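Q: sequence? don't have it. structure:
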């Protein structure tokens, strides 16, 4: 199966904070085609471009916190244009701006405005979901409300297939629902199930750090796994993505509790390449 495979560097954030260039070199050696950023650890656009040029990796996308985008839309676009990044993703909304919260309407306006600016600059804006968008607003999921409220040319999907599954929906069916609007698909595998009230993820900051630390023992029945080593039907997800027009598949493993992150990254890449 010949696909373009990227890696979300957040998955190896501790290593990247020490040496982003070494992480990128290793990912290229493993067999990844590109990387998705989640903060730049203080590196300039020129330094990031040098790393990408040296390793041969493409800048697939970049997760930029909503607050960072609102604070400097033009600057955010300029940085990503400088490194040749085709996609920018809103990675999450905080509790004040999520679907159902008072700030959601304002978030929709800001995301729409930023999406239009991105389009004018030759960049496509994406929205990356968790499971908290799967609350009903006016009879539909908040995630669907978001995509209905903002035109497709201003906002495309970056469906995180783990959180779609955790929310109780079929990832493959959800990808097909947004056929033609799903250029980047997150491949994320897991075991177990979410318990009511559990916090399963940490949210990224501008520098790539975590907003909160998630206790690995907080949810012992749930854990992330390398792609192909959990409960997800990865072949079906990839088939749905290819049928629906996905350009990139991005491996993400929020936490690697059993082995070093880059070892898990190799397992994920080897599994996908062997399909």
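A: Cool, got the structure. Keep in mind that this is a model prediction, so the values were computed, not measured. Numbers count the residues shown, from 1 in each chain.

Q: how about low-confidence regions in this structure?
A: Segments of the chain classed as low confidence (criterion: pLDDT under 70) are 1, 196-220.

Q: pull the longest helix from it.
A: Counting by DSSP state H, the longest helix found in the chain is helix 104-120.

Q: which parts of it are buried?
A: By 16 or more other C-beta atoms under 10 Å, the buried positions in helix 104-120 come out as 104, 107-108, 110-112, 114-118. (C-beta placed from N, C-alpha, C; glycine too.)

Q: same for that helix, what does it pack against?
A: The helices and strands touching helix 104-120, judged by 3 or more C-beta pairs under 8 Å, 6 or more residues apart in numbering; DSSP states H and E, are helix 66-71, helix 73-82, strand 124-128, helix 142-149.

Q: same thing but at 7 Å, please
A: Packed against helix 104-120 by the contact rule (3 or more C-beta pairs under 7 Å, 6 or more residues apart in numbering; DSSP states H and E) you find helix 66-71, helix 73-82, strand 124-128.

Q: okay, angle between it and helix 73-82 too, please.
A: Relative orientation of helix 104-120 and helix 73-82, computed by axes from the mean of the first three to the mean of the last three C-alpha atoms, to 10 degrees: 40 degrees.

Q: and stretch 90-110, how far apart are its ends?
A: From its first residue to its last, stretch 90-110 covers 11 Å (C-alpha to C-alpha, to the nearest Å).

Q: my error: substitute stretch 9-18 in the last question.
A: With C-alpha to C-alpha as the measure, the ends of stretch 9-18 fall 12 Å from one another.

Q: one step back: any idea which of the helices and strands packed on helix 104-120 is most buried?
A: Most buried of the helices and strands packed on helix 104-120, by mean neighbour count (mean count of other C-beta atoms under 10 Å): strand 124-128, with a mean of 23.

Q: residue 77 is in contact with residue 64, correct?
A: No: checked against C-beta atoms under 7 Å, the pair residue 64 and residue 77 is beyond contact range at 9.9 Å.

Q: ok so, going back, could you give the angle of the longest helix of the chain to helix 142-149?
A: For helix 104-120 against helix 142-149, the angle between stretch directions is 50 degrees (the same axes, to 10 degrees).

Q: can you give the distance of helix 104-120 from its chain's centre?
A: What separates the centre of helix 104-120 from the centre of its chain is 18 Å, taken as C-alpha atoms, centre = their mean, to the nearest Å.

Q: switch the buried residues of helix 104-120 over to CSV; also include distance to residue 260.
A: Output for the buried residues of helix 104-120, formatted as CSV (distance: C-beta to C-beta, whole Å):
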residue, distance to residue 260
104, 39
107, 36
108, 40
110, 38
111, 35
112, 40
114, 36
115, 37
116, 41
117, 39
118, 35
